[in-house]
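**Student:** Provide a 3D model corresponding to the input given below.
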Amino acid sequence: MWLPVLLAVLGTPDVAPPDREAAVIAACASWNAGREAGAPPQTHRVEPDGLCFAGDIRSESSAAFVETLSGFDPDTPLVVVLTSEGGEVNAGMAMGEALVPYTATVVAHRVCASSCGNYLFTAGDRRVIDDDALLLFHGGARLIDEAELREMIAPEVPADQLDAQVAGVLADLEMQIGRQDAFLERAGVDVDLFRWMAGFNDLPEEAFFALCPVRDPRMILYSDRLLAEHGVVVHENRGPQSDAAVAAGVAALGRPGAACFMD
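**Tutor:** Numbering: from 1, shown residues only. Prediction:
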């Protein structure tokens, strides 16, 4: 159980010093506080070694993040502070793929969910969950049963086009999963991370409820122990680590009952 933790600690490069980490977190928190509600996603540079990202992950915001990131000296350890409820899979992967070559401390601030957790938090060399922040997962790209997919899209597609549409979607998913596996391997994370997460969907309802006491949660906050077993080592966690604390956190985001804590 402790092997992933030991390997991660031994393999962690020289990251930004604590004073720079704290300074960039404070600068990003101040910048975030000044953003208007409903503001479009934005990337903000903190000289000389900080990067803040806030908002939905989509093609435009992903491209802006990657462009800003490319302006940093690749030999400079970075601090990247993330506030996002997620977004598009391919856009998130593009951001994570761009970040992996850098030596980076990645900080989940307020909330880092879905594609933010999948592809940005996992890309860090040092991973930090800020005060009261939520790191939430609901799994990554995965194959869909062909019969299930066919039933899902049949009402929207002409009958003579259904076979081609199903084949196209399955081919796209296979490519996406291959890209996802390659990213996780480059990030030093278990390539089966999201297959492990998907496995909980196959549990009988009562067995799942024993692990996650929320009916049909949209997201799961996994314990540091569970994440470390799959190569996602959280080096510092100042966020909620109990069912009650997670419930309070998601309620504060306006998503009551949307997530649970799993250890």
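**Student:** break down the stretch 51-200 of the chain into its helices, ranges please.
**Tutor:** Along the stretch 51-200 of the chain, counting by DSSP state H, counting those that start in this stretch, helices occupy 59-69, 89-99, 115, 146-153, 162-186, 193-199.
**Student:** who are the contact partners of the residue nearest to the spatial centre of the chain?
**Tutor:** The residue lying closest to the centre of the chain (Cα atoms, centre = their mean) is residue 117, at 1.2 Å. Counting by Cβ atoms under 8 Å, 6 or more residues apart in numbering, residue 117 touches 86, 108, 135, 136, 137. (Each C-beta comes from the backbone N, C-alpha and C, glycine too.)
**Student:** what is the nearest of the residues you listed to residue 262?
**Tutor:** Distances from residue 262 to the contacts of residue 117, taken as Cβ to Cβ, are shortest for residue 137 (9.6 Å).
**Student:** how about the closest one: what's its closest non-neighbour residue?
**Tutor:** Among residues not flanking residue 137 along the chain, residue 117 sits closest, at 5.2 Å (Cβ to Cβ, 6 or more residues apart in numbering).
**Student:** and what of residue 64?
**Tutor:** residue 43 (4.9 Å).
**Student:** the one you found is in contact with residue 62, isn't it?
**Tutor:** No. Counting by Cβ atoms under 8 Å, residue 43 sits too far from residue 62 to count as a contact (9.6 Å).
**Student:** okay, those two: which has more neighbours?
**Tutor:** Counting neighbours by other Cβ atoms under 10 Å for residue 43 and for residue 62 shows that residue 62 has the greater number, 26 against 20.
**Student:** mind pulling up the pLDDT for the more buried one?
**Tutor:** For residue 62, the pLDDT comes out at 98.
**Student:** what's next to the helix or strand where the residue nearest to residue 64 lies, contact-wise?
**Tutor:** Assigned by DSSP states H and E, residue 43 belongs to strand 42-46. Residues from elsewhere that reach strand 42-46, judged by Cβ under 8 Å, 6+ apart: 23-24, 27-28, 31, 35, 51-55, 61, 64-65, 68, 71, 79.
**Student:** for the record, mean pLDDT for it?
**Tutor:** Averaging pLDDT along strand 42-46 yields 98.
**Student:** parallel or antiparallel, list what pairs with it.
**Tutor:** strand 50-54 (antiparallel) (DSSP bridges).
**Student:** residues in contact with the strand it pairs with?
**Tutor:** 20, 23-24, 27-28, 31-32, 35, 39, 41-46, 61, 65, 68-69, 72, 78-84, 95, 120.
**Student:** buried subset of the residues you listed as a PyMOL selection?
**Tutor:** Buried residues within the contacts of strand 50-54, by 16 or more other Cβ atoms under 10 Å, are selected in PyMOL with:
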select buried, resi 20+23+24+27+28+31+32+35+41+42+43+44+46+61+65+68+69+72+78+79+80+81+82+83+84+95+120
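**Student:** quickly compare the helices of the stretch 51-200 of the chain and say which is most buried.
**Tutor:** Sort these by mean neighbour count, taking mean count of other Cβ atoms under 10 Å, and helix 115 sits at the top with a mean of 28.
**Student:** give me the helices and strands touching it, please.
**Tutor:** helix 89-99 (3 or more Cβ pairs under 8 Å, 6 or more residues apart in numbering; DSSP states H and E).
**Student:** can I get the helix it packs on in CSV, CA atoms only?
**Tutor:** Backbone C-alpha positions of helix 89-99 (Å, rounded to 0.1, in the frame of the first residue of the first chain) are rendered in CSV as follows:
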residue,chain,number,x,y,z
VAL,A,89,-12.3,15.7,-21.6
ASN,A,90,-10.1,16.5,-24.6
ALA,A,91,-9.6,20.1,-23.6
GLY,A,92,-8.6,19.0,-20.1
MET,A,93,-6.2,16.4,-21.5
ALA,A,94,-4.5,19.1,-23.6
MET,A,95,-3.9,21.2,-20.5
GLY,A,96,-2.5,18.3,-18.6
GLU,A,97,-0.3,17.1,-21.4
ALA,A,98,1.2,20.6,-21.7
LEU,A,99,1.8,20.8,-17.9
